[in-house]
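Asker: Just a sequence and a predicted model for now, questions to come.
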2 protein chains.
Amino acid sequence: MGDYETVASSQPSNWQHHFLAPASRQVFASNETSPDIYVLCTGWAFRFLQLADGRRQILGFLLPGDLFSAHSLFEERFQFSVKALTAIQVSGMKRAEVQSRITQNPATAAPAIAKSCSAETEASEKMITALGLCSAEERIAYLFLHLMRRIADRNVIRDDRYPFPLRQQHIAEAVGLTPVHVSRILGTFRERGIADLSHGVLEVSDLKELQRLGSLT
Amino acid sequence: MGDYETVASSQPSNWQHHFLAPASRQVFASNETSPDIYVLCTGWAFRFLQLADGRRQILGFLLPGDLFSAHSLFEERFQFSVKALTAIQVSGMKRAEVQSRITQNPATAAPAIAKSCSAETEASEKMITALGLCSAEERIAYLFLHLMRRIADRNVIRDDRYPFPLRQQHIAEAVGLTPVHVSRILGTFRERGIADLSHGVLEVSDLKELQRLGSLT
DNA sequence: CGAGGAATTGATTTCCATCAATGACGGTGG
DNA sequence: CCACCGTCATTGATGGAAATCAATTCCTCG
């Protein structure tokens, strides 16, 4: 891996460390192995898979507090690559250490881990459904709603304005469209008074309509 | 749930039971809860999500030996529905009992469970990639290769002929296409001498080409 | 046989990708 | 301060992949 900038900890420990990465830097590559597990502390990142011909699929976005993957608790090989969307700060912990702490009190740890894995899988399967069944605008609405919920869990949201540091390119790669088409759909959302994404902020003016489009009911 | 036909066990036990379901019967509905976990013993089934308007996405196929979901070990609520593709035989076990057996020797159970969860998630994320990036024929080739591997793990395959009880409708619902278009693609696979699916058997004549199309490298 | 679902085939439409050009910024250096 | 550049977003024109509509034909199974 690339410990791009290791930050000196105030009380150094041998089982936990931190590092920084600037926007756009790839921090891990698919198939890489690591004795550590990672948590995103600040900033946004995304997980993705890339095909031989360069096509890239974004699997999900990482927000502060997210484990890169719940499965990384047990699996030392990355099944995806990770790239910083904004400047980020990451915390790494020795897997062995974390595992031993888990086995020490499994009663509290096990349900949390199970829930976390379960949530990941559920999100994946909902995304499969969105990609398999939904139109371009439904997919984008779904992505917005999914991220809005996660953002709202971490930030105080006022006036329905969400911090949203995604380029149209990222939206396109997440929901299987071209950036040009994403631009058109966002244009229609604007003129229909549904939502406006610009300058890194998503402002939702017609939540009902957005939900009607993207709820995957 | 519907214990359609409960089979008398030769030595009855209170923590394990079996039942049968005919082809096309839905055996569980999304959001249902169950104190049991289930393994498919014989036949094929599939997991799916359904939207309010009736559109349906197949999330994956279940083959003999498959847990309906590894997450069901911890999660009592179904996040998907299950329907029999052929006539099936299912075994159900009390979750509490299974969990206590797991905690009795976690050293052997834990890695197996983790691997199983991990495999499910990896499969989901590869499917997201296929749906987001790939053309119709690439998606179908991917589905074929994925299932061929799983079938070959359970059956002796001769002459590259795989038992394959899917209707074109099911293929369509799994890879996000219409049955009509699936028919066309399968037609081209036939005339190009790549593979022939009919009468419930998939016969592969040009594995290399199928892999070139569907390997998701 | 005959009936009904499944598959195939053709004609047409729709949605989205692709190609191409333009404009809006923000940074950089002269 | 302004010309230059690269990135991003927007817009228009066109083409292509897959959906949709509509008949048949083919199986399968009573």
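Answerer: Yep, it's here. Residues are numbered from 1 along each chain as shown, chains lettered A, B, ... in the order given.

Asker: In contact with the residue positioned nearest the centre of chain A, which residues are there?
Answerer: Centroid check for chain A by CA atoms, centre = their mean gives A:Phe61 as the closest residue, at 1.5 Å. By CB atoms under 8 Å, 6 or more residues apart in numbering or on different chains, the contact set of A:Phe61 is A:Trp44, A:Ala45, A:Phe46, A:Arg47, A:Leu85, A:Leu147, A:Arg150, A:Leu166, A:Ala174. For the C-beta atoms, the positions are set from N, CA and C on the backbone; glycine is no exception.

Asker: now do A:Leu166
Answerer: So A:Leu166 contacts A:Trp44, A:Phe61, A:Leu85, A:Leu197 (CB under 8 Å, 6+ apart).

Asker: Would you confirm that the last one contacts A:Leu186?
Answerer: Yep, that's A:Leu197 we're talking about. Yes - if you go by CB atoms under 8 Å, A:Leu197 and A:Leu186 touch, sitting 5.7 Å apart.

Asker: Could you find the closest non-adjacent residue to A:Gln79?
Answerer: B:Glu122 (5.1 Å; CB to CB, 6 or more residues apart in numbering or on different chains).

Asker: do A:Glu120 as well
Answerer: A:Ala70 (5.6 Å).

Asker: Could you confirm whether the helix or strand harbouring the residue nearest to A:Gln79 reaches DNA strand D?
Answerer: Using DSSP states H and E, B:Glu122 sits in helix B:106-133. No - applying CB under 7 Å from any atom of the strand, one finds helix B:106-133 separated from DNA strand D by no less than 10.8 Å.

Asker: pLDDT of the following helix or strand past that helix, averaged?
Answerer: Following helix B:106-133 in sequence order, the next helix or strand is helix B:136-152 (DSSP H and E). Averaging pLDDT along helix B:136-152 gives 98.

Asker: what about the next helix or strand after helix B:136-152, distance to the chain center?
Answerer: Elements were assigned by DSSP H and E; along the chain past helix B:136-152, the next helix or strand is strand B:161-163. Distance of strand B:161-163 from its chain centroid, counting by CA atoms, centre = their mean, to the nearest Å, is 16 Å.

Asker: With stretch A:173-185 instead?
Answerer: Chain-centre distance of stretch A:173-185: 18 Å, with CA atoms, centre = their mean.

Asker: quick one on the thing from earlier: list just the nearest of the contacts of A:Phe61 to DNA strand D.
Answerer: Closest approach to DNA strand D among these (CB to the nearest atom of the strand): A:Leu166, at 7.7 Å.

Asker: Run through who's touching stretch A:90-103.
Answerer: Counting by CB under 8 Å, 6+ apart, A:14-21, A:27, A:34-41, A:72-74, A:76, A:109-110, A:113, B:106 sit against stretch A:90-103.

Asker: which bits of chain A sit near DNA strand C?
Answerer: Counting by CB under 7 Å from any atom of the strand, chain A sits next to DNA strand C at A:Ser135, A:Ala136, A:Glu137, A:Gly176, A:Leu177, A:Thr178, A:Val180, A:His181.

Asker: and the residue nearest to the centre of chain A, what helix or strand is that in?
Answerer: In this structure, A:Phe61 sits in strand A:56-62 according to DSSP H and E.
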